[in-house]
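Undergrad: okay, structure incoming, though there's no sequence with it:
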């Protein structure tokens, strides 16, 4: 993953190519070890830990309700763009657009709704989590937690993790619906495809649903863990918070893309078309 | 409805209309602020008043140091597009169309959008953080006091570097995404790279590539203006910088999709 968390203007001796490669590999390894530590502690404390009532609910509000507007706007535009673009292309190859809605719905269920919404959430929620936890780190609130014998992962990351696990799924379903109906309207107004024809769930099968749901869970788990890790590894003052937020956005987007690759590949092999 | 016993409770809840109105006003203020910033930057371009060394430093920092992240994103994106197109290709048994299906989507939409999103996360957020830190530590005010124009010295070089570098990175990313797509087509679908690139060259026109690149310039402008605007308007110390970065990336992402929607209509 990226190593932006260093002041970039600090003069340092230029490492040779090999040394640079080695430094990069070591940094990557260290990041991996830290990330898996945070992930393990998150899962452990999710099962074993106890939380005050309402903590997870408040995070659900933060992760879920506060993202609804942003996610609806972006996914609505995505639906319109995709249908418009694919309609133009389809008209080049085949004259009728009967199956456009069915294909679009299948693509949404299997991949697009989950992955694009998750990319949006990686931006909004991931940056939010890292900014919040990062500010707590630089104002030494996290050290205070540690001093009182509380694992910061349990207190800070786990509520966000649980909230995100639930709300990411909910938001993905909502965003998929928004995107589909925006696409439906575009198909009607631009290509004259009747909504009745467009709303065709014929191509969606169990494999598609299972793939989509797996992605919901995987993204919902990955975003808070990755950005929580970025937030907790903040150092330095307000600059540090900025860098941590940057890293959270980049790394959680990257996590979504890489997870998408593996889940899509696995689903292609498990449910061959 | 408020009974007398409620008097001790904190200020009454806002009605939906109030909340909505405040929301609309703040969105309008932000959009207006960005427009004003863009205009002020534009005025400094004729004649160009840019700090040269700062521009070069930013070009290097934003371009060269983003290569790994853009490369990884592009490779995986190409692979994902082939996996998604593969389902349709298998269903209709049309191997020759893979290059068209995946290539068209990559060059025209997915490549520019995903690279812009990653760029906004890496470079846009970094710029907001950097300018935000300077704002809260009053370095920008110090520049103004020294009669150095912060817009020409700090902001314009970053804006120009972002636009130029996103354009170049999109070319690089498109190429890598096609390589990733060709490899995945071979590995997963058993469709050779030759068939893939034949389909690509035959069916995809140069206009599709140019279209994606024109969009990338638009995305670059959006990311640059949004990230510098939120950086310059930070208030409230370290938490403020975090919030500004958050708002900046959200605004960039929204802007990217809205720009994409309209450019898809205009540039058919």
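TA: Perfect, thanks for sending it. Since this is a predicted model, take the numbers as computed values, not measurements.
Undergrad: how much space is there between residue B:47 and chain A?
TA: 29 Å (Cβ to the nearest Cβ, to the nearest Å). To be clear about C-beta, it is placed using only N, CA and C from the backbone, and glycine gets the same treatment.
Undergrad: name the SS class of the closest residue to chain A within the stretch 1-150 of chain B, please.
TA: The stretch 1-150 of chain B approaches chain A most closely through residue B:129 (2.2 Å), counting by Cβ to the nearest Cβ. Under the three-state scheme (DSSP: H, G, I helix; E, B strand; the rest coil), residue B:129 adopts helix.
Undergrad: may I have the phi/psi pair for the residue nearest to it when sequence neighbours are not counted?
TA: Leaving out its chain neighbours, the residue that sits closest to residue B:129 by Cβ to Cβ, 6 or more residues apart in numbering or on different chains is residue A:242, at 2.2 Å. Main-chain dihedrals, residue A:242, degrees, to the nearest 10: phi -60, psi -50.
Undergrad: check residue A:193 too.
TA: phi -80, psi 120.
Undergrad: in contact with the nearest residue to it once chain neighbours are set aside, which residues?
TA: Nearest non-adjacent residue to residue A:193, counting by Cβ to Cβ, 6+ apart: residue A:187, 4.0 Å away. Going by Cβ atoms under 8 Å, 6 or more residues apart in numbering or on different chains, residue A:187 touches A:83, A:87, A:97, A:100-101, A:193, A:195, A:198.
Undergrad: OK, contacts around the closest residue to chain B within chain A?
TA: For chain A, the residue closest to chain B is residue A:242, as judged by Cβ to the nearest Cβ, at 2.2 Å. Counting by Cβ under 8 Å, 6+ apart, residue A:242 makes contact with B:125-126, B:128-130, B:132-133, B:241-242, B:245.
Undergrad: what does the model give it for pLDDT?
TA: With respect to pLDDT, residue A:242 scores 82.
Undergrad: so it versus residue A:175, what's the distance?
TA: Residue A:242 sits 28 Å away from residue A:175 when distances are taken as Cβ to Cβ, to the nearest Å.
Undergrad: go on, residue A:153?
TA: Residue A:153 is 29 Å from residue A:175, by Cβ to Cβ.
Undergrad: which of these two has more residues huddled nearby?
TA: residue A:175 (29 against 24; other Cβ atoms under 10 Å in any protein chain shown).
Undergrad: let me see the contact set for the more buried one.
TA: A:71-72, A:75, A:113, A:116-117, A:120.
Undergrad: please identify which helix or strand holds it.
TA: Applying DSSP states H and E as the criterion places residue A:175 in helix A:158-191.
Undergrad: identify each buried residue in the next helix or strand after that helix, please.
TA: With elements assigned by DSSP H and E, the helix or strand that comes after helix A:158-191 is helix A:195-198. Buried residues in helix A:195-198, counting neighbours by 16 or more other Cβ atoms under 10 Å in any protein chain shown, are found at A:197-198.
Undergrad: counting by contacts, list what helix A:195-198 packs against.
TA: Contact here means 3 or more Cβ pairs under 8 Å, 6 or more residues apart in numbering or on different chains; DSSP states H and E; on that basis helix A:195-198 packs against helix A:100-107, helix A:158-191.
Undergrad: show me which residues of the stretch 101-250 of chain A sit near chain B.
TA: Residues of the stretch 101-250 of chain A lying near chain B by Cβ under 8 Å from any Cβ of the partner chain: A:103, A:106-107, A:110-111, A:115, A:119-120, A:123-124, A:127-128, A:130-132, A:134-135, A:138-139, A:237-246, A:249-250.
Undergrad: using CSV, lay out the helices and strands packed on helix A:195-198 together with distance to residue B:176 and mean pLDDT.
TA: Below are the helices and strands packed on helix A:195-198 laid out as CSV (distance: least, Cβ to Cβ, whole Å; pLDDT from 0 to 100):
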stretch, distance to residue B:176, mean pLDDT
helix A:100-107, 23, 86
helix A:158-191, 27, 91
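Undergrad: report how many residues lie close to the nearest residue to residue B:143 once chain neighbours are set aside.
TA: Leaving aside its sequence neighbours, residue B:143 sits nearest to residue B:150 (Cβ to Cβ, 6+ apart; 4.7 Å). Neighbour count of residue B:150, defined by other Cβ under 10 Å: 19.
Undergrad: wait, what's in contact with residue B:211?
TA: Taking Cβ under 8 Å, 6+ apart, we find residue B:211 in contact with B:107-108, B:267.
Undergrad: pull out the buried members of those.
TA: Restricting these to buried positions leaves B:107-108, with burial counted as 16+ other Cβ under 10 Å.
Undergrad: now the contacts of residue B:211 as TSV including pLDDT, secondary structure and distance to chain A?
TA: Formatted as TSV, these follow (pLDDT from 0 to 100; DSSP: H, G, I helix; E, B strand; the rest coil; distance: Cβ to the nearest Cβ, whole Å):
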residue	pLDDT	secondary structure	distance to chain A
B:107	88	helix	12
B:108	87	helix	7
B:267	79	coil	11
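Undergrad: dump the contacts of residue B:211 to JSON lines, plus distance to residue B:169.
TA: Shown next, in JSON lines, are the contacts of residue B:211 (distance: Cβ to Cβ, whole Å):
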{"residue": "B:107", "distance to residue B:169": "14"}
{"residue": "B:108", "distance to residue B:169": "17"}
{"residue": "B:267", "distance to residue B:169": "20"}
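Undergrad: so where is the stretch 1-150 of chain B shaky, pLDDT-wise?
TA: B:1-12 (pLDDT under 70).
Undergrad: near chain A, which residues of it?
TA: B:61, B:65, B:68-69, B:72-73, B:76-77, B:79-80, B:83-84, B:86-88, B:90-91, B:104, B:108-109, B:114, B:117-118, B:120-122, B:125-126, B:128-130, B:132-133, B:136-137.
Undergrad: just the buried residues from those, in PyMOL please.
TA: With 16+ other Cβ under 10 Å as the criterion, this PyMOL line picks the buried residues out of the residues of the stretch 1-150 of chain B next to chain A:
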select buried, chain B and resi 61+65+69+72+73+76+77+79+80+83+84+86+87+88+104+108+109+114+117+118+120+121+122+125+126+128+129+130+132+133+136
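Undergrad: so who does the residue of the stretch 1-150 of chain B closest to chain A touch?
TA: The contact partners of residue B:129, by Cβ under 8 Å, 6+ apart, come to A:239, A:241-243, A:245-246, B:231, B:241, B:244-245.
Undergrad: try 7 Å
TA: Residue B:129 is in contact with A:239, A:242-243, A:245-246, B:241, B:245, counting by Cβ atoms under 7 Å, 6 or more residues apart in numbering or on different chains.
Undergrad: would you convert the residues you listed into a markdown table that also reports distance to residue A:180?
TA: Listed next are these as a markdown table, based on distance: Cβ to Cβ, whole Å:
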| residue | distance to residue A:180 |
| --- | --- |
| A:239 | 43 |
| A:242 | 37 |
| A:243 | 38 |
| A:245 | 32 |
| A:246 | 33 |
| B:241 | 38 |
| B:245 | 32 |
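Undergrad: helices of the stretch 1-150 of chain A, start to end?
TA: Using DSSP state H, counting those that start in this stretch, the helices of the stretch 1-150 of chain A run over A:17-48, A:55-60, A:66-93, A:100-107, A:113-121, A:127-138, A:141-147.
Undergrad: same thing with the stretch 101-250 of chain B?
TA: B:111-119, B:125-136, B:139-145, B:150, B:156-184, B:193-203, B:206-232, B:237-266.
Undergrad: packing partners of the shortest one?
TA: Counting contacts by 3 or more Cβ pairs under 7 Å, 6 or more residues apart in numbering or on different chains; DSSP states H and E, helix B:150 packs against helix B:139-145.
Undergrad: after the helix it packs on comes which helix or strand?
TA: As assigned by DSSP H and E, the chain's next helix or strand after helix B:139-145 is helix B:150.
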